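Undergrad: The following block contains a protein sequence and its predicted model.
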Amino acid sequence: MDTIISTAKLNSSEIFDLMKQFITEVIGEEFVEEMDITMESSFTKDLEMDSIEIVSFSEKIKNHFGEQIDFTGWLSNMDLDELINLNLGTIVNYIEECQ
Amino acid sequence: MPIINVKSRGVHVQELNKGAAETVLLVHGMFSNLSIYYFNIAPILAKHFHVVMYDLKSHGMSEKIADGYDLNSMTDDLSELLERLELSSVHLAGYSFGGLISLKMAARFPDKIKKLAIIEAPDPNDDKTRDIIDEYSREFLEYYVQNFADTTKSKMGKRQMEKNHRMYEYLFHETSIKSDMIRERDFFSAAEIGEISQETLLLYGADSNCLEAGKKLKKKIKRVEMLEVDGDHNVPIQQPASIGNLMESFFKN
């Protein structure tokens, strides 16, 4: 496992770039190239990520930020509609607040 | 991704609350993966228990394997996984096909299983599941998604459609899953079901087409309670909090 826990505080633009990198690693570069990923991109509708890919994405956040961010716990408090409509900007804001 | 070698094949495993005294192990269903538990049901159980989830062979992020989908092979895999994780005994819960694996596990390895929760296990003698394999085609998948996706609220896009299509094609045409399932058709009539000694909770959707299978199991298992939850066969997705809370209270008390 490539656990790299980062302690440096990131701004929202850096977090956005990091999330884009994680998304690329999870769904593959060939799909990401065809997409315009923005803060408004929703995980299920726009990025077409299924739940096992979101598990993989969560794992990357856990490995990068360690215990300072309980991303899975945050997601588990959402209902299905909130999860389906979850967009990248909401995640970036959450991570920025938790740091 | 945490990958563990079981029978020289990579198995994707996720664990929560590793320090807890007792473990609950969760087995997902066919054509699904561990994410069915990961976001809602597992965190409820992890308030008290060490929770282990794994992807079955050729599912989720586990390695693809062409054979060994019968219940003996699936429980051999699970038994070895427990050894790899150094877990001598666990509470076990399984959904749908994972419910059949869990029943078999309790029957074959009674010392390794404490309590048993079965969610929506179908009767393998029911031809409906095997008919899906016979009739499968891309058109079928598109029809299925269009007509049944509303029960899970998920809408599949082009990439997901392709991904799922590849998984179904692989499982249906390049593995022994169909012939292995046919070999299990008498499982509910087998004496080993009646010999399951663990305290067992059966959870079924009140509108599920598997409800009759649950009633059959209720008659056969000795120490059993059956509860109906609002929903159909997709009840862990439709009512994750209810399913999680019912299991938490069953395993705790």
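TA: Good, I have the coordinates.
Undergrad: Quick one: name the residues of chain B near chain A.
TA: Counting by C-beta under 8 Å from any C-beta of the partner chain, chain B comes close to chain A at B:1-2, B:14, B:16, B:33-36, B:38-40, B:43, B:55, B:60-61, B:153-155, B:157-160, B:163, B:237. Quick note: C-beta positions are derived from backbone N, CA and C, even for glycine.
Undergrad: And the helices in the stretch 51-200 of chain B?
TA: Here the stretch 51-200 of chain B has its helices, by DSSP state H, counting those that start in this stretch, at B:71-84, B:97-108, B:128-135, B:138-148, B:158-174, B:177-182, B:191-194.
Undergrad: if we can go back for a sec, drop anything exposed from the residues of chain B next to chain A.
TA: B:1, B:14, B:16, B:33-36, B:38-40, B:43, B:55, B:60-61, B:154, B:159-160, B:163, B:237 (16 or more other C-beta atoms under 10 Å in any protein chain shown).
Undergrad: Quick one: the strands in chain B, in order.
TA: With DSSP state E as the definition, chain B shows strands at residue ranges B:3-6, B:9-16, B:23-27, B:50-54, B:90-95, B:113-119, B:200-205, B:224-229.
Undergrad: Format those as CSV; extra columns: distance to residue A:69.
TA: Shown next, in CSV, are the strands of chain B (distance: least, C-beta to C-beta, whole Å):
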stretch, distance to residue A:69
strand B:3-6, 23
strand B:9-16, 15
strand B:23-27, 24
strand B:50-54, 20
strand B:90-95, 28
strand B:113-119, 31
strand B:200-205, 33
strand B:224-229, 33
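Undergrad: what secondary structure does the most centrally placed residue in chain A sit in?
TA: Centroid-nearest residue in chain A: residue A:19, 5.0 Å away (criterion: C-alpha atoms, centre = their mean). With DSSP: H, G, I helix; E, B strand; the rest coil as the basis, residue A:19 sits in helix.
Undergrad: wait, which of the helices of the stretch 51-200 of chain B is closest to residue A:39?
TA: helix B:158-174 (21.1 Å; C-beta to C-beta).
Undergrad: I'd like the average pLDDT over the closest one.
TA: The average of the pLDDT scores along helix B:158-174 is 87.
Undergrad: buried sites along that helix?
TA: B:159-160, B:163-165, B:167-168, B:171-172.
Undergrad: And for stretch B:238-253?
TA: Result for stretch B:238-253 [16+ other C-beta under 10 Å]: buried residues B:238-240, B:242-244, B:246-248, B:250-251.
Undergrad: low-scoring stretches of chain A, by residue?
TA: A:1-7 (pLDDT under 70).
Undergrad: which residue does it bring closest to chain B?
TA: Using C-beta to the nearest C-beta, the single residue of chain A nearest to chain B is residue A:51, 3.6 Å away.
Undergrad: ok, the closest residue to that residue other than its chain neighbours - contacts?
TA: Closest residue to residue A:51 apart from its sequence neighbours, by C-beta to C-beta, 6 or more residues apart in numbering or on different chains: residue B:35 at 3.6 Å. Listed by C-beta atoms under 8 Å, 6 or more residues apart in numbering or on different chains, the contact set of residue B:35 reads A:50-52, A:54-55, B:60.
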